[in-house]
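Peer 1: The following comprises the amino acid sequence and a computationally predicted model.
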Amino acid sequence: MSLPSGYSIRELKASDHTNGILDVLSGLTTVGTVTANAFESIFKQWSTLKLSNGSNVYNPLVIVDSNGKVVATGMVFIEEKLIHSGGLVGHIEDIAVDSSQQGKSLGKFLIKELSLIAKRSGAYKVILDCSESNVKFYEKCGYKEAGVEMQIRYD
Ligand SMILES: CC(=O)SCCNC(=O)CCNC(=O)[C@H](O)C(C)(C)COP(=O)(O)OP(=O)(O)OC[C@H]1O[C@@H](n2cnc3c(N)ncnc32)[C@H](O)[C@@H]1OP(=O)(O)O
């Protein structure tokens with residue numbers, strides 16, 4: 001599977017603050033105020049954290065169009081556990097494809113790349129939470145329903 005012509009995938013950069021990523025994420029949920037300083041500080045924190053095996057904990061990716069504008073984004077966060085002999089679990093988070101770019105397999109490509117990062121980092125599984133309306137999409141990406149999400153909110 002490859003990206004459509006004109007699109008490319010890469011790791012998030014500190015300079016992506018002004019590159020459309022926050023607009024893309026607003027198609028997923030409320031983004032709120034993220035100043036350039038806050039973006040840089042979060043980016044630095046994500047870039048710094050490492051697992052015991054040296055792999056990155058945070059792995060944010062973006063897909064950009066031929067003008068370099070972010071049109072899709074998502075990340076896999078790798079959790080280091082005590083169980084499963086110090087096993088690693090990937091958590092797919094904050095997946096969003098710009099509304100004008102949906103249906104071009106960008107989301108599927110992004111999930112494939114994020115899942116591969118988790119596998120290469122040593123994860124024994126990758127999990128995610130999604131709405132009922134996105135179940136079919138994740139099934140097309142090879143994921144299967146397992147368990148029920150529970151939450152308590154403080155916002
Ligand atoms: C862990 C999380 O972050 S969950 C939150 C996911 N994000 C959102 O809901 C934000 C808004 N939605 C989006 O950003 C996008 O619609 C996404 C990420 C859900 C899908 O991205 P797209 O690039 O549009 O999907 P893509 O074109 O790769 O679709 C892959 C396949 O899934 C199918 N598909 C995509 N979305 C859906 C859906 N909601 N229901 C059923 N099938 C779907 C496509 O038809 C395609 O099928 P095919 O391979 O047989 O042709």
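Peer 2: Ah, there it is. Residues are numbered from 1 along each chain as shown.
Peer 1: Show me what the longest helix seen in the chain is packed against.
Peer 2: Counting by DSSP state H, the longest helix found in the chain is helix 106-121. Helix 106-121 is packed against strand 8-11, strand 58-64, strand 70-80, strand 88-97, strand 125-127, helix 135-140, with contacts defined by 3 or more CB pairs under 8 Å, 6 or more residues apart in numbering; DSSP states H and E. Every C-beta, even on glycine, is put in place using the N, C-alpha and C of the backbone.
Peer 1: List the buried residues in it.
Peer 2: Going by neighbour count (16 or more other CB atoms under 10 Å), the buried part of helix 106-121 is 106-111, 113-115, 117-118, 121.
Peer 1: Mean confidence (pLDDT) on it, please.
Peer 2: In this model, helix 106-121 has a mean pLDDT of 98.
Peer 1: Reformat the helices and strands packed on helix 106-121 into CSV and put distance to T48 next to each item.
Peer 2: As requested, these are exported to CSV (distance: least, CB to CB, whole Å):
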stretch, distance to T48
strand 8-11, 14
strand 58-64, 9
strand 70-80, 14
strand 88-97, 18
strand 125-127, 23
helix 135-140, 30
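Peer 1: okay if I get these as a markdown table plus mean pLDDT?
Peer 2: Converted to a markdown table, the helices and strands packed on helix 106-121 look like this (pLDDT from 0 to 100):
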| stretch | mean pLDDT |
| --- | --- |
| strand 8-11 | 98 |
| strand 58-64 | 98 |
| strand 70-80 | 98 |
| strand 88-97 | 98 |
| strand 125-127 | 98 |
| helix 135-140 | 98 |
